[in-house]
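Colleague: return a 3D structure for these sequence lines:
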Amino acid sequence: MTSGDYLDKILDRMTFTHNITRNFTADGRTFAAYALYEASSEKYVLSRKANLWKVSESEHVLFMTLPENADPGADSEADSGANFSADPEALFKEAGRLISDYMEPVLSRGNEKYPPKDHMRTFLTAVLVLERSPGPELIRKVRRYRFDKSYLFSLRGFSQGRIIVVDLPSKKVYTSPAAKDVAAFFRQAL
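Modeller: Numbers count the residues shown, from 1 in each chain. Sure thing, here's the model as predicted:
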């Protein structure tokens with residue numbers, strides 16, 4: 001299975017809950033795909049003007065691919081739309097940088113000091129689809145990855161970073177601890 005085949009399968013499964021954009025450009029890079037999920041809930045008495053509480057949550061998922069034929073010495077300009085280094089370790093570092101330096105301030109907070117008033121939580125997920133198996137050191141780094149940020153002592157909610165590595169040759173999925181609950185979803189598309 002190629003990264004394009006896997007991407008088609010997983011995005012097809014996500015279309016019911018997420019808004020999907022292929023070849024998404026952000027932070028000066030082009031990603032294979034971007035998926036956005038937003039939900040809100042509120043409780044009111046008799047009319048919406050008597051609102052007791054309201055919360056909103058979202059999930060931002062960026063898909064990055066690494067084709068098998070990518071040259072480790074050069075940037076890859078694959079048909080999947082990704083333009084990252086062809087090294088899985090460098091791709092992992094880039095995913096961590098994207099979560100902390102781009103996704104959290106831009107997608108979670110909208111470049112403001114805090115998220116909107118009714119914000120409860122935001123999941124910031126980077127999915128690395130690899131056509132070559134990652135080494136044991138990368139798997140260890142993924143399993144230890146953590147990114148958590150609360151706003152105003154959690155009164156304005158929190159953001160949580162998650163990294164998911166899909167190993168196509170071995171048909172395995174490796175996740176950071178925060179993404180363990182969605183690992184089965186990504187595994188089912190293999």
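Colleague: check the offset of the lowest-mean-pLDDT helix or strand in the chain from the chain's centre.
Modeller: Across the helices and strands of the chain, the lowest-confidence element by mean pLDDT, DSSP states H and E is strand 51-66, at a mean of 88. Going by Cα atoms, centre = their mean, to the nearest Å, the spacing between the C-alpha centre of strand 51-66 and its chain's C-alpha centre is 10 Å.
Colleague: again, but for stretch 38-52
Modeller: On the basis of Cα atoms, centre = their mean, stretch 38-52 sits 29 Å off its chain's mean C-alpha point.
Colleague: span of it from start to end?
Modeller: Taking Cα to Cα, to the nearest Å as the measure, stretch 38-52 stretches 21 Å from start to finish.
Colleague: quick check: the gap between E42 and K54.
Modeller: 4 Å (Cβ to Cβ, to the nearest Å). Every residue, glycine included, has its C-beta placed from N, CA and C.
Colleague: actually L168, not the one I typed
Modeller: L168 sits at a distance of 41 Å from K54 (criterion: Cβ to Cβ).
Colleague: pull up the pairing partners for the least confident helix or strand of the chain, direction included.
Modeller: strand 29-44 (antiparallel), strand 119-130 (parallel) (DSSP bridges).
Colleague: of all those strands, which one comes closest to A179?
Modeller: strand 119-130 (6.7 Å; Cβ to Cβ).
Colleague: what mean pLDDT does that closest one have?
Modeller: Averaged over strand 119-130, pLDDT sits at 94.
Colleague: for stretch 20-38, same thing?
Modeller: What stretch 20-38 shows for mean pLDDT is 93.
Colleague: mind checking the end-to-end distance for it?
Modeller: Stretch 20-38 stretches 12 Å from its first residue to its last (Cα to Cα).
Colleague: the residue positioned nearest the centre of the chain bridge partners, please.
Modeller: Note on the chain: the residue nearest the mean C-alpha position is T125, at 2.0 Å, using Cα atoms, centre = their mean. The residues listed as beta-bridge partners of T125 by DSSP bridges are V61, R162.
Colleague: is F31 in a bridge, and if so with what?
Modeller: In this structure, F31 bridges to F24 when assessed by DSSP bridges.
Colleague: I'd say it and H60 touch.
Modeller: No. Between F31 and H60 no contact is recorded; they are 11.1 Å apart, counting by Cβ atoms under 8 Å.
Colleague: next, work out how far apart the residue in the chain sticking out farthest from the centre and L52 are.
Modeller: When distances to the mean C-alpha position of the chain are computed (Cα atoms, centre = their mean), the maximum falls on L46, with 38.7 Å. Spatial separation of L46 from L52 under the definition Cβ to Cβ is 11 Å.
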